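Engineer: build me a model:
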Amino acid sequence: LHTTCTCHADVRATANITLLTRARTHCHPLVAAVVQNARKCHRTASTMEDVDQFSEELLMPEPPPVLDDGFDTVVVVDNLPQAEAAKVEKLTGAMKKFFQKKMDAPDCVKDVYLCQDESKACTGFGFVEFHTPQLAKKAVADVSGKPLDKDHVLSVTLLSAFDQIVNTPEEWVEPPPEDFSEQDDLSWWLLNPDCDDQYAVRQQGDTMIYNNKWTQPSLVENRTRWTDTCVAWSPKGSYLATFHGPGIALWGGPEWKRMAKFGHHRVKLIDFSPDERYLVTFSDEAPDPIIIWDIKTGQAKRKFKAPPQPYWPLFKWSHDDKYFAAQAPDQIRIYETSTFKLLDQKPLKVKKVVDFQWSPSDNYIAYWVPEDGEKPANVCIMRVPDREKLTVRNLFSVKECSIKWQEAGTYLCVQVDRYTKSKKQVYTNFELFNVKEKLIPCSSLEFEKTKISAFAWEPCGDKFAIIHGESPRICVSFYQLQPGKIAKLETFDRLQVNSIFWSPKGQYCVVAGLYNPSAPNSMTGQLTYIDTVADGCSIATATEHMYATDCQWDPTGRFVISSVSHWVHQSDNGYWLWSFQGRLLQKHNLDKFYQVVWRPRPPSLLTKKDIEEGITDDWKKWQARFKAEDFKMASGIDEEERERRNKLLSDWNAYRSKRNQNVQEWAPVLLKKRPAPSSADTDETVEETVEFFVKEEVEEVDPSDLA
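Structural biologist: Residues are numbered from 1 along each chain as shown. Okay, the predicted model is just below:
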């Protein structure tokens with residue numbers, strides 16, 4: 001450690017002496033030398049009485065020098081093992097290796113000093129010196145809170161900040177109140193009187209935000225080069241995220257102001273937490289590939305290294321943002337967002353775990369483990385944070401599993417691909433769990449000798465759809481979970497489809513054959529609209545959007561957008577708007593169209609009882625109102641246009657009335673001046689008969705009949 005004190009730094013020297021009070025006696029000799037040197041400088045400055053007769057301008061015409069105490073490169077490490085004197089040297093080496101490993105920076109540590117008592121044993125804290133202040137700050141970020149062993153979690157603090165921590169007043173002083181500044185309303189768009197949804201469109205270098213109307217969309221915002229690549233909405237629709245070279249920007253409010261920015265070089269992927277509190281960014285060109293940000297404060301809460309084979313999303317969030325988890329070999333690492341540290345300071349040990357998913361409504365984790373020797377594969381549902389296993393289902397002859405939660409969190413489906421006894425063929429069965437029922441009962445549905453292409457839950461119901469079979473005989477089957485059984489509702493065969501899209505409100509479903517040249521089951525844009533009412537399923541409309549690459553429902557379940565992106569197909573780009581029954585409402589063919597994304601809506605504040613009492617019971621009243629509004633919209637004019645046309649009509653009627661009055665006044669005068677008609681001017685009526693051929697019928701007659 002190095003310090004340089006001047007005669008005008010007596011206060012700073014005193015502070016440094018106070019800072020090192022805890023280590024003044026039995027610390028490393030170099031630290032003791034710093035304390036002795038600081039005291040000497042302090043005494044020298046206090047005895048220089050002659051300095052007072054000179055002005056400060058004469059002594060220091062230039063700005064006073066800044067004290068270089070060298071503390072910016074040093075960190076204080078607490079909660080170290082209280083090792084005996086014989087083990088201090090070994091602990092010093094272990095500390096050096098530990099810091100270099102966690103910081104992923106070989107030779108970053110300059111020296112390590114452990115404070116010792118009279119017996120030369122470690123007192124539980126020490127100092128680590130680095131070559132640069134940047135490395136010291138990195139040590140605080142990367143090592144603080146990390147366990148040295150199972151009993152010692154290190155606390156790392158910059159030595160330059162230690163003085164402020166030690167001298168914190170014992171009594172809390174209330175800060176002065178801040179001036180009120182009105183914040184932008186992030187939910188302003190929900191107050192639209194017509195309850196219009198919004199969507200974002202990317203075309204060439206422009207980004208447009210539209211209010212959706214079934215006649216014609218209205219432009220809300222249009223900006224050129226708003227983003228470098230694409231845009232993304234947050235889960236509740238509060239923010240619009242744009243991608244830029246230096247990082248990510250979030251926009252919102254009626255004026256579309258920039259609400260936050262996050263510096264992360266060349267971000268490729270982002271992920272919001274479900275409650276919009278945190279943002280995860282990934283960049284393969286930055287020193288810290290993965291960063292979790294606090295959206296409100298803009299602070300980087302935790303940084304992570306990317307796994308050898310990155311996948312996205314790397315972190316999976318609980319529904320309430322209290323936890324997030326990542327998969328690692330033989331473990332699931334669950335973190336608390338209150339501390340951004342491992343839950344209970346340890347990972348969840350699960351040998352050979354392959355995949356896991358959070359419940360959308362509860363803090364449950366579902367994961368599956370493959371077979372291990374004589375042990376069968378199994379699916380487990382575990383509660384967090386107490387890690388209690390709620391149910392375990394053993395599976396045999398398993399090749400692969402995929403976990404699919406229903407959006408409401410009521411049901412869980414585990415799609416299991418199994419080997420036959422001969423191990424030559426694979427068949428599929430579905431394990432369906434009712435998570436809300438006592439003991440979590442499970443039902444099974446098996447498909448033999450058929451290929452499964454897609455599975456999808458009804459978001460807020462008890463139905464699900466499965467695409468099975470191979471071209472040209474691809475089938476779509478609909479099922480319903482009933483007490484104690486799985487009821488098959490309907491099967492539609494010979495459909496050229498590969499994707500299932502349920503309405504967010506349930507009942508209606510679109511099965512589509514999307515175009516994707518890189519996929520083995522690419523189709524050419526067939527769209528089939530299916531109504532899954534209680535008394536049976538029926539096809540409402542079968543249509544086509546040639547080379548459609550995407551299909552999206554709006555948040556209310558009233559409209560569907562199909563689109564052809566220039567990223568996938570270089571011609572016929574644009575998007576079409578459909579009704580929920582498959583009626584084509586709008587066509588927007590756009591050159592170099594890239595993306596269209598519906599703006600999500602937050603969960604409704606109305607309870608099920610409120611909806612039944614306020615809407616369902618008075619449905620006839622609401623229906624009449626909606627029909628009137630639809631009729632007005634169908635006319636294609638708004639109120640201003642209607643008033644303008646009514647004014648033109650009234651002006652025209654007033655003009656005609658005035659002219660008719662003038663005609664009546666001048667009629668007698670004009671009739672007197674008109675000459676009498678002659679006989680030659682009388683009209684003659686000429687009658688003429690015109691004949692034309694209509695048709696000819698030829699009928700053969702037997703001569704005997706004539707006789």
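
Engineer: what element comes up after the helix or strand containing residue 100 heading to the C-terminus?
Structural biologist: Residue 100 belongs to helix 88-103 when assigned by DSSP states H and E. Later in the chain than helix 88-103, the nearest helix or strand by DSSP H and E is strand 109-116.

Engineer: pLDDT averaged over the helix or strand just after that following strand - what is it?
Structural biologist: Counting by DSSP H and E, the next helix or strand C-terminal to strand 109-116 is strand 122-130. For strand 122-130, mean pLDDT is 92.

Engineer: which residues touch the helix or strand following strand 122-130?
Structural biologist: Using DSSP H and E, the helix or strand that follows strand 122-130 in sequence is helix 133-143. Applying C-beta atoms under 8 Å, 6 or more residues apart in numbering, the contact partners of helix 133-143 are 72-75, 98-99, 102-105, 108, 128, 130, 154, 156-158, 303. Every C-beta, even on glycine, is put in place using the N, C-alpha and C of the backbone.

Engineer: how about 7 Å then?
Structural biologist: 72-75, 99, 102-103, 105, 108, 128, 130, 154, 156-158, 303 (C-beta atoms under 7 Å, 6 or more residues apart in numbering).

Engineer: from those residues, which is closest to residue 360?
Structural biologist: For those, the residue nearest residue 360 by C-beta to C-beta is residue 303; the value is 27.6 Å.

Engineer: that closest one should be in a helix, yeah?
Structural biologist: No. Per DSSP: H, G, I helix; E, B strand; the rest coil, residue 303 lies outside any helix segment and is strand.

Engineer: now for it: which residues touch it?
Structural biologist: 141, 288, 290, 291.

Engineer: just the buried members of the residues you listed?
Structural biologist: Buried subset of the contacts of residue 303 (neighbour count, 16 or more other C-beta atoms under 10 Å): 288, 290, 291.

Engineer: which ones among these are found in strands?
Structural biologist: Counting by DSSP state E, the part of those found in strands is 290, 291.

Engineer: just the closest of the buried ones among the contacts of residue 303 to residue 504, please.
Structural biologist: The closest of the buried ones among the contacts of residue 303, once distances to residue 504 are taken by C-beta to C-beta, is residue 290, at 30.5 Å.

Engineer: residues near the residue lying closest to residue 162 once chain neighbours are set aside, how many?
Structural biologist: Of all residues not flanking residue 162 in the chain, residue 76 sits nearest, at 5.4 Å (C-beta to C-beta, 6 or more residues apart in numbering). Counted by other C-beta atoms under 10 Å, the residues lying close to residue 76 total 22.

Engineer: also residue 244?
Structural biologist: Residue 244 has 16 nearby residues by other C-beta under 10 Å.

Engineer: ok, now residue 314?
Structural biologist: Residues within reach of residue 314, counting by other C-beta under 10 Å, total 18.

Engineer: backbone phi and psi for it, please?
Structural biologist: Per-residue torsions, residue 314: phi -70, psi -40 (degrees, to the nearest 10).

Engineer: farthest-apart pair in the contacts of residue 303, please.
Structural biologist: It's 141 and 290 that sit farthest apart of the contacts of residue 303, by C-beta to C-beta, at 13.7 Å.

Engineer: quick check: buried residues in stretch 304-317?
Structural biologist: 304, 314, 315, 316, 317.

Engineer: ok now it, how far from the chain's centre?
Structural biologist: 15 Å (C-alpha atoms, centre = their mean, to the nearest Å).

Engineer: got the end-to-end distance for that stretch?
Structural biologist: 16 Å (C-alpha to C-alpha, to the nearest Å).

Engineer: need the contact partners of that stretch.
Structural biologist: Contacts for stretch 304-317 (C-beta under 7 Å, 6+ apart): 269, 271, 273-274, 280, 282, 289-290, 324-326, 357-358.

Engineer: can you do 8 Å?
Structural biologist: By C-beta under 8 Å, 6+ apart, stretch 304-317 touches 104, 269, 271, 273-274, 278, 280, 282, 284, 288-292, 323-326, 328, 356-358.

Engineer: using neighbour counts, trim those residues to the buried set.
Structural biologist: Using 16+ other C-beta under 10 Å, the buried members of the contacts of stretch 304-317 are 269, 271, 273-274, 278, 280, 282, 288-292, 323-326, 356-358.

Engineer: please flag which of those residues sit within strands.
Structural biologist: Secondary structure from DSSP E places 269, 271, 278, 280, 282, 290-292, 323-326, 356-358 of these in strands.

Engineer: surely residue 111 meets residue 129?
Structural biologist: Yes. The pair residue 111 / residue 129 is scored as a contact, 4.8 Å apart, by C-beta atoms under 8 Å.

Engineer: make sure residue 519 is indeed in a strand.
Structural biologist: No. Applying three-state DSSP, one finds residue 519 to be coil, outside a strand.

Engineer: all the helices of the stretch 501-650 of the chain, residue numbers only.
Structural biologist: Counting by DSSP state H, counting those that start in this stretch, the stretch 501-650 of the chain has these helices, from start to end: 608-611, 619-634, 639-673.

Engineer: what does the average pLDDT come to for the second one?
Structural biologist: For helix 619-634, the mean per-residue pLDDT is 77.

Engineer: cool, the shortest one as well?
Structural biologist: Here the mean pLDDT over helix 608-611 is 81, rounded to a whole number.

Engineer: ok, back up a step: CSV please, covering the helices of the stretch 501-650 of the chain and showing mean neighbour count and distance to residue 340.
Structural biologist: Below are the helices of the stretch 501-650 of the chain laid out as CSV (neighbours: other C-beta atoms under 10 Å; distance: least, C-beta to C-beta, whole Å):
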stretch, mean neighbour count, distance to residue 340
helix 608-611, 10, 36
helix 619-634, 11, 47
helix 639-673, 10, 53
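
Engineer: for residue 578, give me its contacts.
Structural biologist: Residue 578 sits in contact with 527, 529, 543, 559, 560, 561, 562, 584, 585, where contact means C-beta under 8 Å, 6+ apart.

Engineer: again, only using 7 Å
Structural biologist: Residue 578 is in contact with 559, 560, 562, 584, 585, counting by C-beta under 7 Å, 6+ apart.

Engineer: and which of these is nearest to residue 499?
Structural biologist: residue 562 (11.1 Å).
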